[in-house]
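> Here's my sequence, what's the structure:
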Amino acid sequence: MPDQDDHLRKLNAELDELRRSLVKLGTPQAPPSAPGSRARALETVHERVNALKTVARLLRADTAEMRLRVEKAEREAWDQKARRADTDRYATFFQGMMDRGVFLPPSAFESAFLSDAHGEAEIDRTLEAADEALEGAS
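Model prediction:
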């Protein structure tokens, strides 16, 4: 697969760059002792700052890419679940709940919400209605 090969080459190049940056960060530097070494000390500080920036940039890029992969996998998983959903059975359950005075969203893919207006009595009545409606939907 050319896409996978390209991705692996890019990943390996980023890992090499990360390794080089981490080596630069871990290399101890002697403090300047001669008057002309002040410029070298500033150059060393500049190299380390650039190495830190590289590490931060690569970590941000990897985090963003990982987030996109997870989101894509979650979307695909949701799509697969939605395709397998028994919408006819939900319609029967939905009608059974309505017949018992419990109003749910008409689609199996919508959410129902509780609020402070729902006390223990309402929740108990809803659970009883759900048990009865599920028996009818089986």
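> From here on, just use CA atoms for contacts and neighbour counts.
OK.
> my read: A133 touches G96, true?
Yes: assessed by CA atoms under 8 Å, A133 is found in contact with G96 at 4.7 Å.
> list the helices and strands the helix or strand where A61 lies packs on?
Following DSSP states H and E, one finds A61 within helix 37-84. Applying 3 or more CA pairs under 8 Å, 6 or more residues apart in numbering; DSSP states H and E, one finds that helix 37-84 contacts helix 2-26.
> Name the helix or strand of this structure that has the lowest mean pLDDT.
helix 2-26 (a mean of 69; mean pLDDT, DSSP states H and E).
> can you give me the offset of whichever helix or strand comes after the helix holding A61 from its chain's centre?
Downstream of helix 37-84, the next assigned helix or strand under DSSP H and E is helix 87-99. Centre-to-centre, helix 87-99 and its host chain are 33 Å apart (CA atoms, centre = their mean, to the nearest Å).
> Remind me what helix 87-99 packs against, helices and strands.
helix 120-137.
> Report the mean confidence score over the helix it packs on.
Averaging pLDDT along helix 120-137 yields 89.
> Pull that helix out as PDB, backbone CA atoms only.
What follows is helix 120-137 as a C-alpha-only set of coordinates in PDB (Å, rounded to 0.1, in the frame of the first residue of the first chain):
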ATOM      1  CA  GLU A 120     -38.400   8.700  42.200                       C
ATOM      2  CA  ALA A 121     -42.100   8.100  41.500                       C
ATOM      3  CA  GLU A 122     -41.700   9.200  37.800                       C
ATOM      4  CA  ILE A 123     -38.500   7.100  37.400                       C
ATOM      5  CA  ASP A 124     -40.100   4.100  39.000                       C
ATOM      6  CA  ARG A 125     -43.200   4.500  36.700                       C
ATOM      7  CA  THR A 126     -40.900   4.900  33.700                       C
ATOM      8  CA  LEU A 127     -39.000   1.700  34.500                       C
ATOM      9  CA  GLU A 128     -42.200  -0.300  35.000                       C
ATOM     10  CA  ALA A 129     -43.500   1.000  31.700                       C
ATOM     11  CA  ALA A 130     -40.200   0.100  30.000                       C
ATOM     12  CA  ASP A 131     -40.400  -3.500  31.400                       C
ATOM     13  CA  GLU A 132     -43.900  -3.900  30.100                       C
ATOM     14  CA  ALA A 133     -43.100  -2.200  26.700                       C
ATOM     15  CA  LEU A 134     -40.000  -4.400  26.300                       C
ATOM     16  CA  GLU A 135     -42.200  -7.600  26.800                       C
ATOM     17  CA  GLY A 136     -44.400  -6.300  24.000                       C
ATOM     18  CA  ALA A 137     -41.400  -5.500  21.700                       C
END
